[in-house]
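>>> Structure, please.
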Amino acid sequence: MAERNKPAASSNELDDLVASSDTGSRKLAGTPNRIMLGTAAAWSLFQLWIASPLPFLVGFGVFSATESRSIHLAFAMFLAYMAYPAFKRSPRDRVPAIDWVLALVAAATAAYLYVFYEQLAQRPGAPILQDVIVAVTGIVLLLEATRRALGPPLMIVAIVFLVYSLAGPYMPAMLAHQGVSLEGLANHQWITTQGVFGIALGVSTSFVFLFVLFGALLDKAGAGNYFIKLAFSMLGHYRGGPAKAAVVASGMTGLISGSSIANVVTTGTFTIPMMKRVGFSAEKAGAVEVASSVNGQIMPPVMGAAAFLMVEYVGISYVEVIKHAFLPALISYIALIYIVHLEALKAGMQGLKSNNPVKPLLNKVIGFLTGLIGLMALSFIVYYGLGWLKPVLGEATPWVVAVVLMVVYVALLKVSARYPELEEDDPNEAIVLPQTRPTLMVGLHYILPVIVLVWCLMVERLSPGLSAFWATVLMIIIIVTQRPLIAIFRGRSDMAADIRAGFQDLWEGLVNGARNMIGIGIATAAAGIIVGAVSQTGVGLVLAELVETLSMGNLFLMLLLTAVLSLILGMGLPTTANYIVVSALLAPVIVTLGQQNGLLVPLIAVHLFVFYFGIMADVTPPVGLASFAAAAVSGGDPIRTGFQAFYYSLRTAALPFLFIFNTDLLLINVDLWHGLLIFVTATVAMLIFAAATQGFMLVRNRWYESLLLLVVAFALFRPGFWMDMLDDPYRNVPTAQFEQALGSLDEGGSLRVEVAGLNDYGDPVSFFVRVPYQPGATPSERMDNLGLMLMQQDGETLVDMTTFGSPAKELGFDFDQQIVSVQVPEDGRLAKEWIWVPALAIFILIVLLQRRRRGASSTNAVSAA
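Numbers count the residues shown, from 1 in each chain. All right, here's what the predicted structure looks like:
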């Protein structure tokens with residue numbers, strides 16, 4: 001295996017790899033470098049300013065949403081032409097004159113909406129020649145900036161949609177539309193907020209930048225190295241320990257990172273060589289890192305910036321998005337650790353030598369539970385203590401909390417100063433794993449900004465932008481003061497030098513945050529072209545018709561085709577642009593076709609479905625960018641690394657299908673205890689699924705054992721599938737009894753109604769809706785609250801009228817539609833969870849069979865010896 005592996009990339013080559021994909025590969029000097037770094041720092045300061053309450057307090061520097069987006073894109077476009085060369089052979093140590101010109105013109109076209117904001121507001125929908133020229137120039141320069149910063153894929157997709165918008169009348173019958181004029185295209189895409197300056201760029205401006213900056217400052221302060229060391233100190237001594245530590249470290253880094261490639265290279269430089277040392281091949285070591293780094297993009301709170309976009313696209317709060325996305329991501333990570341464990345078992349691997357004192361298992365469990373209970377008690381005291389203090393202190397509460405936070409911060413730094421500093425290790429040298437306690441204690445102050453972020457988001461319910469602002473303010477204080485304070489506590493202070501070093505770290509963090517945002521800013525703007533084309537041409541309906549034709553009305557085939565299309569569209573795209581594209585094109589397809597075929601799914605589940613498969617494109621050959629980055633670190637074959645990573649990621653590919661059909665996994669309408677039960681059951685199911693796909697549990701699986709394990713996992717994940725076959729959850733009632741059926745519903749229940757009518761093009765269509773419980777003392781009151789009036793005509797139930805803005809209108813009811821069927825929940829039905837009993841019985845039987853085989857093989861081995 002080792003002979004065919006190519007040499008691993010050097011650290012300089014890896015830095016160039018990350019730079020080419022995230023920050024720009026130009027390395028300038030002198031005045032051009034000062035201009036670029038100064039512009040990047042100015043961008044970060046601008047974003048901090050508009051996110052803060054200061055503009056409203058001083059009455060200066062208040063920008064509208066459109067003005068902020070315009071300035072945001074102007075910074076991104078200017079830096080894209082400064083940081084990214086046009087071609088591989090272009091100079092990297094200087095900026096050619098043409099790039100200076102392009103950078104200035106691109107920034108000017110982006111800033112046009114800010115400079116001429118008032119004039120443009122006075123002529124909506126009526127662009128003048130100047131507007132059209134600026135728009136066309138801006139679109140062309142944006143496409144070129146996209147090619148430089150992100151490669152050709154997104155640029156090509158955007159061009160295809162622009163051509164489609166203009167050439168609608170000349171398209172084949174299925175794709176044809178009336179077309180748009182050049183003026184209409186320019187106005188829609190650049191002058192309004194329907195295209196480039198739409199929701200995606202707005203989210204990038206309002207939320208994403210602050211989170212990326214927060215992550216850059218946290219990493220610059222040393223948190224990235226801290227997370228890696230902590231993961232290795234805790235897990236490195238177990239079987240395949242470096243791989244398990246890589247999963248956890250990548251997960252923690254993924255919490256603050258918006259780039260799977262940067263995650264691969266940042267943690268992989270350290271973890272991949274250590275995985276190879278304990279027995280993983282170059283491809284498997286790279287694949288573990290890829291699978292864990294890409295999973296960082298599905299892990300809240302940032303999710304590669306997709307979480308903030310979902311808030312806008314789905315129309316629910318940020319806290320709700322985090323709640324729905326958390327459980328599948330956590331289950332996926334637990335399963336990856338188990339997959340690594342199975343690989344270690346199959347290969348007979350051992351862990352690394354550890355300096356941790358050896359403790360009996362009981363002591364470990366007691367220690368873990370003590371820490372967990374202590375953390376819960378601390379959370380309880382803080383939550384209810386602040387709840388009690390707020391009414392007492394009133395407006396002074398923020399100041400008191402700030403003082404307490406500073407006292408805790410200084411105390412944690414004093415604790416940290418008692419332990420040796422964490423240094424960067426060479427993973428190719430002999431390494432003895434550090435002790436967990438000193439490693440944990442030396443970086444506890446890095447957790448404070450994360451606590452502030454989570455507190456502001458989850459408890460105070462501040463906006464994501466304002467929450468990130470306050471967390472970033474604390475991070476700035478930490479990055480400036482931690483060096484001098486720790487030096488004082490260690491008794492070796494050089495105050496002036498330490499303060500200078502702190503401000504130098506802050507400067508570099510501001511610059512790095514902005515440079516990490518170049519690609520995201522450009523990506524959200526370019527993806528806005530696609531969103532604008534969808535809204536202007538109605539191409540989404542064409543895609544729905546195409547998928548419906550190919551799937552022949554089969555629900556599973558429809559979802560499978562959508563997943564494949566998400567993979568294809570996601571190739572070569574960064575996470576943020578990826579989600580924008582697949583959600584704009586494919587989420588409506590699932591909603592439309594699902595309604596027509598009886599699949600009634602909450603919108604958040606649909607968006608998570610396409611998001612999961614979009615980011616799988618980072619793994620999957622031939623384009624899987626994260627796999628190529630991991631192969632550069634490991635020296636393995638990138639295609640084999642990609643296929644192995646996809647094999648490890650089968651659990652992530654299975655989850656979207658499961659939560660589409662069982663939304664309990666997304667904690668939708670689930671109470672606390674039911675949620676805990678679902679977490680335990682789903683985790684067990686995912687571990688069983690991993691054992692089935694890896695062909696190994698206690699010993700190597702027989703083929704029928706793998707098959708039975710898949711059936712057991714499916715039954716645990718989706719018990720309703722089997723229970724519905726045994727006991728139908730709904731019964732039909734005459735359509736004329738719609739009102740009585742609605743009146744019989746208990747709170748939390750819903751009717752399942754099939755409706756027939758005409759679509760927007762006058763073609764006949766039928767679809768299903770779920771009519772939820774409505775408050776009211778009588779059936780007629782409930783119908784009034786629903787906003788639906790029905791009439792009987794020739795034995796049919798027709799919609800007579802829907803109230804404007806009513807629940808019925810939102811559900812899709814409209815005049816002259818026919819109610820085809822009404823289904824009410826069946827009373828006295830067995831709980832679907834009873835299916836778990838036979839499923840677990842089959843699983844126990846397989847465990848007993850494998851234990852007997854393992855015992856027999858051990859006996860044979862002893863006899864042979």
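>>> What ranges does the chain have for its strands?
730-733, 750-758, 764-772, 788-793, 796-802, 818-825 (DSSP state E).
>>> who are the neighbours of the fifth one, in terms of helices and strands?
Packing partners of strand 796-802 (3 or more C-beta pairs under 8 Å, 6 or more residues apart in numbering; DSSP states H and E): strand 788-793, strand 818-825. Just so you know, the C-beta spots here come from the backbone N, C-alpha and C atoms, and that holds for glycine as well.
>>> The strands of the chain: which one's closest to residue 161?
Closest approach to residue 161 among the strands of the chain is made by strand 764-772 (25.8 Å; C-beta to C-beta).
>>> Identify the residues contacting that closest one?
595-600, 742, 749-759, 786, 807, 811-813, 820 (C-beta atoms under 8 Å, 6 or more residues apart in numbering).
>>> Take the residues you listed and, keeping just the buried ones, write it as a ChimeraX select command.
Selecting the buried subset of these in ChimeraX, with 16 or more other C-beta atoms under 10 Å as the burial test, is done by:
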select :595,596,597,599,600,742,750,751,752,753,754,755,757,786,807,811,813,820
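>>> pretty sure residue 209 contacts residue 517?
Yes - Residue 209 lies in contact with residue 517 (C-beta atoms under 8 Å); the separation is 5.4 Å.
>>> what domains does the record give for the chain?
730-829, 833-864 (automatic domain parsing).
>>> Looking at those domains, which is nearest to residue 232?
domain 833-864 (30.0 Å).
>>> wait, isn't residue 807 in contact with residue 784?
No - between residue 807 and residue 784 there is no contact under C-beta under 8 Å: 11.0 Å.
>>> Let me have the helices and strands packed on strand 796-802 in TSV, extended by distance to residue 488.
Output for the helices and strands packed on strand 796-802, formatted as TSV (distance: least, C-beta to C-beta, whole Å):
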stretch	distance to residue 488
strand 788-793	71
strand 818-825	67
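>>> and the ones you listed, which is most packed in?
strand 818-825 (a mean of 18; mean count of other C-beta atoms under 10 Å).
>>> Could you tell me which strands that one is paired with, and in which direction each runs?
With DSSP bridges as the test, strand 818-825 is paired with strand 730-733 (antiparallel), strand 750-758 (antiparallel), strand 796-802 (antiparallel).
>>> And the contacts of the shortest one?
Counting contacts by C-beta under 8 Å, 6+ apart, the residues outside strand 730-733 that touch it are 740-741, 752, 821-826.
>>> Then the last one?
By C-beta under 8 Å, 6+ apart, the surrounding residues in contact with strand 796-802 are 735-736, 738, 755, 787-792, 808-809, 813-819.
>>> can you pull the buried residues of that strand?
By neighbour count with 16+ other C-beta under 10 Å, strand 796-802 contains the buried residues 797-799, 802.
>>> Show me the shaky parts of the stretch 1-150 of the chain.
1-25 (pLDDT under 70).
>>> Could I get the full set of helices for the stretch 401-550 of the chain?
Counting by DSSP state H, counting those that start in this stretch, the stretch 401-550 of the chain has helices at residues 436-441, 447-454, 464-489, 495-537, 539-551.
>>> For residue 617, find the nearest of those.
Using C-beta to C-beta, the nearest of these to residue 617 is helix 495-537, at 13.8 Å.
>>> Quick one: list the elements packing against the closest one.
Going by 3+ C-beta pairs under 8 Å, 6+ apart, helix 495-537 lies up against helix 30-51, helix 65-83, helix 129-150, helix 152-166, helix 199-203, helix 209-221, helix 464-489, helix 575-585.
>>> Residue 307 is nearest to which of these?
Using C-beta to C-beta, those put helix 464-489 closest to residue 307, at 8.0 Å.
>>> Relative to residue 638, which of the helices and strands packed on strand 796-802 is closest?
That would be, of those and by C-beta to C-beta, strand 818-825, which comes in at 51.5 Å.
>>> Now find how far off-centre the closest one is within its chain.
37 Å (C-alpha atoms, centre = their mean, to the nearest Å).
>>> Next: stretch 121-129.
37 Å.
>>> For that stretch, which outside residues touch it?
135, 183, 186-187, 191-192.
>>> Dump that stretch to PDB, restricted to CA.
Below are the C-alpha coordinates for stretch 121-129, written out as PDB (Å, rounded to 0.1, in the frame of the first residue of the first chain):
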ATOM      1  CA  ALA A 121     -35.900  54.000  -5.400                       C
ATOM      2  CA  GLN A 122     -37.700  56.700  -7.500                       C
ATOM      3  CA  ARG A 123     -37.800  54.600 -10.700                       C
ATOM      4  CA  PRO A 124     -38.600  51.000  -9.600                       C
ATOM      5  CA  GLY A 125     -39.000  48.600 -12.600                       C
ATOM      6  CA  ALA A 126     -38.000  51.300 -15.100                       C
ATOM      7  CA  PRO A 127     -34.200  51.200 -15.500                       C
ATOM      8  CA  ILE A 128     -32.400  53.800 -17.600                       C
ATOM      9  CA  LEU A 129     -29.500  53.100 -20.000                       C
END
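>>> Right, I'll call it a day here.
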